[in-house]
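Engineer: Sequence first, predicted coordinates after that:
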Amino acid sequence: MAVREQLLDYLDHNLESYLIKWKQKIRISKTDIHRDKVEANGILMYRLVQQNIKEPIAHEKIVTLAHKVAVERAEANINIGDFIYNVNAGRSVLMKHITYSEVNVNDLQNTLDSINDLFDLFSYHAVTEYTKLKENELQEKISFIDETHQEKLSILGQMSSSFVHEFRNPLTAIIGFVKLLQKEYPDLKYVEVIDHELQQLNFRIAQFLHVSKKEIDSGQEEWLEVKGLFDSIIAFIYPSIIDIDVQIVNEFPANLSVYGQQDKLRQVFLNILMNSLDALKAEGSPRQIRITGEQAEGMLTIRITNNGPKISDNTLDRIFEPFYTTKELGTGIGLYVCQKIIQNHHGEINCHSSEEETTFTIRLPFVEKKDAIKKPL
């Protein structure tokens with residue numbers, strides 16, 4: 001009997017002994033929803049090997065079986081490591097099984113090589129398909145989580161908007177009466193402190209309104225001289241600067257302007273400066289915040305740098321996410337709002353932090369006054 005016929009005859013009469021040894025070696029979970037198909041797939045692979053020994057089979061037959069098994073393994077939520085282990089277990093058991101035939105080992109070499117090639121091809125297509133299915137499954141979960149998160153943000157935005165609008169009416173009245181007190185009794189103690197705290201509270205309310213998107217697009221565009229805008233903000237937060245003992249150095253070049261909404265950009269700069277002050281509270285002297293920037297390549301770059309502690313990489317990755325905060329009493333919306341405002345001004349904002357300093361960088365389009373087009377941001 002020829003070697004090929006002898007080997008095929010052996011495989012035909014010894015399928016059961018192969019299956020017993022193979023099933024003893026593979027890992028099958030009791031919760032596997034397709035565990036009843038595992039043996040059938042093993043038999044299919046065994047028969048493909050037989051066919052390939054008789055006559056080389058078409059590439060598509062291996063791919064079809066590989067995809068079938070990959071789909072079942074993915075649906076059963078099998079670990080990729082277990083999947084690969086079981087494929088290789090089938091290979092090793094079959095190779096050893098063939099050596100038990102009465103065919104001379106030297107005559108088996110070409111057959112063993114072809115079986116190896118067949119299993120390599122099967123493994124490649126099975127693992128590739130399995131990985132693709134799992135990645136698609138992950139993306140679907142991420143999309144679902146994102147949609148759910150957006151729905152929660154929308155509901156929270158509506159709730160917060162309703163609340164702060166109700167809260168803002170009496171606050172506006174209080175701010176107005178404080179202004180009257182300042183005018184009628186300019187020497188009245190603590191009135192400036194009260195006014196400052198009310199303005200801060202009003203600022204926080206404006207942030208919530210931005211998140212609810214009720215007011216994020218409001219406001220007129222105008223030419224803003226950036227250095228002067230920072231000077232006015234520094235004057236506004238002067239009590240906090242003195243309290244923390246921080247030196248703020250405004251080195252931004254004079255006469256560089258940006259075309260945008262003053263209230264919105266002022267809120268961005270104020271928020272970042274206040275965050276910088278918070279970061280410096282626990283630091284020893286000297287505490288410093290430095291404001292720098294330049295105009296180049298069609299962009300106006302603004303940098304706000306403090307010498308506070310390093311922001312961890314994990315926090316840095318999430319710093320602009322809504323409601324993410326490391327502060328005990330923080331809201332987690334300030335930097336999220338800042339990012340939205342800068343994006344609405346067709347710019348970008350990012351943060352870099354090291355052991356020596358932390359820098360917020362804002363880049364906004366730089367246009368000549370004659371080229372400015374008044375359109376909603």
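Structural biologist: Received, thanks. Numbering: from 1, shown residues only.
Engineer: Assess the claim that Asn271 and Leu335 are in contact.
Structural biologist: Yes - because the distance of 7.1 Å satisfies CB atoms under 8 Å, Asn271 is recorded as touching Leu335. Yep, even glycine has a C-beta here, placed from its N, CA and C like the rest.
Engineer: So for those two, which residue has more residues nearby?
Structural biologist: When Asn271 and Leu335 are compared on other CB atoms under 10 Å, the one with more neighbours turns out to be Leu335, at 22 against 19.
Engineer: dump the residue contacts of the more buried one.
Structural biologist: By CB atoms under 8 Å, 6 or more residues apart in numbering, the contact set of Leu335 is 271-272, 275, 319-320.
Engineer: next helix or strand past the helix or strand containing it?
Structural biologist: In the assignment (DSSP states H and E), Leu335 maps to helix 334-344. Stepping forward along the backbone from helix 334-344, the first helix or strand reached (DSSP H and E) is strand 348-353.
Engineer: Next, the angle helix 334-344 makes with the helix or strand following that following strand.
Structural biologist: Along the chain past strand 348-353, the next helix or strand (assigned with DSSP H and E) turns out to be strand 358-365. Interaxial angle, strand 358-365 versus helix 334-344 (axes from the mean of the first three to the mean of the last three CA atoms, to 10 degrees): 20 degrees.
Engineer: any low-confidence regions in the stretch 1-150 of the chain?
Structural biologist: Under the criterion pLDDT under 70, the flagged ranges of the stretch 1-150 of the chain are 1, 144-150.
Engineer: now swap in the stretch 151-300 of the chain and tell me
Structural biologist: Counting by pLDDT under 70, the stretch 151-300 of the chain contains low-confidence ranges at 151-169, 204-219.
Engineer: repeat that for 50
Structural biologist: The model of the stretch 151-300 of the chain has pLDDT under 50 over residues 214-217.
Engineer: quick one: contacts for the nearest residue to Leu280 once chain neighbours are set aside?
Structural biologist: Spatially, and ignoring its direct neighbours in sequence, Leu280 is nearest to Arg287 (4.3 Å; CB to CB, 6 or more residues apart in numbering). Residues in contact with Arg287 (CB under 8 Å, 6+ apart) are 244-247, 280, 306-308.
Engineer: So which of these belong to strands?
Structural biologist: In this view, the contacts of Arg287 that belong to strands under DSSP state E are 246-247, 306.
Engineer: now, among those residues, which is nearest to His196?
Structural biologist: Within those, proximity to His196 (CB to CB) peaks at Val246, which comes in at 16.1 Å.
Engineer: and the closest one, how many residues sit next to it?
Structural biologist: The burial count assigned to Val246 is 23, neighbours taken as other CB under 10 Å.
Engineer: and if you look at Thr315?
Structural biologist: 14.
Engineer: Which residue, other than its chain neighbours, is closest to Val49?
Structural biologist: Among residues not flanking Val49 along the chain, Ile115 sits closest, at 5.8 Å (CB to CB, 6+ apart).
Engineer: What of Gly298?
Structural biologist: When the adjacent residues along the chain are set aside, Gly298 lies closest to Phe366, with 5.7 Å between them (CB to CB, 6+ apart).
Engineer: Quick one: residues contacting the one you found.
Structural biologist: The contact partners of Phe366, taken as CB under 8 Å, 6+ apart, are 258, 295, 298-300.
Engineer: Then Lys189?
Structural biologist: With contacts defined as CB under 8 Å, 6+ apart, Lys189 is in contact with no residue.
Engineer: same question, Leu118
Structural biologist: Neighbour list for Leu118: 48-49, 52, 62 [criterion: CB under 8 Å, 6+ apart].
Engineer: Can you list which of those residues are found in strands?
Structural biologist: Within these, membership in strands is found for no residue, as judged by DSSP E.
Engineer: And the furthest pair within these?
Structural biologist: Maximum pairwise distance in the contacts of Leu118, criterion CB to CB, is 10.5 Å, between Val49 and Ile62.
Engineer: SS state for Asn77?
Structural biologist: Following DSSP: H, G, I helix; E, B strand; the rest coil, the label given to Asn77 is coil.
Engineer: List phi and psi for it.
Structural biologist: Geometry field for Asn77 lists phi and psi as phi 60, psi 50, criterion degrees, to the nearest 10.
Engineer: Show me the contacts of Leu335 that map onto helices.
Structural biologist: Among the contacts of Leu335, the members found in helices (DSSP state H) are 271-272, 275.
Engineer: Break the protein down into its structural domains.
Structural biologist: For the chain, the domain assignment from automatic domain parsing gives the residue ranges 3-144, 219-371.
Engineer: nearest to Gln200, of those?
Structural biologist: Among the domains of the chain, domain 219-371 sits nearest to Gln200 (CB to CB), with 8.4 Å.
Engineer: what about the helices in the stretch 51-200 of the chain?
Structural biologist: Counting by DSSP state H, counting those that start in this stretch, the stretch 51-200 of the chain has these helices, from start to end: 59-75, 80-99, 105-184, 191-211.
Engineer: buried sites along the shortest one?
Structural biologist: Under the neighbour-count criterion of 16 or more other CB atoms under 10 Å, helix 59-75 has 62-63, 65-67, 69-70, 72-74 buried.
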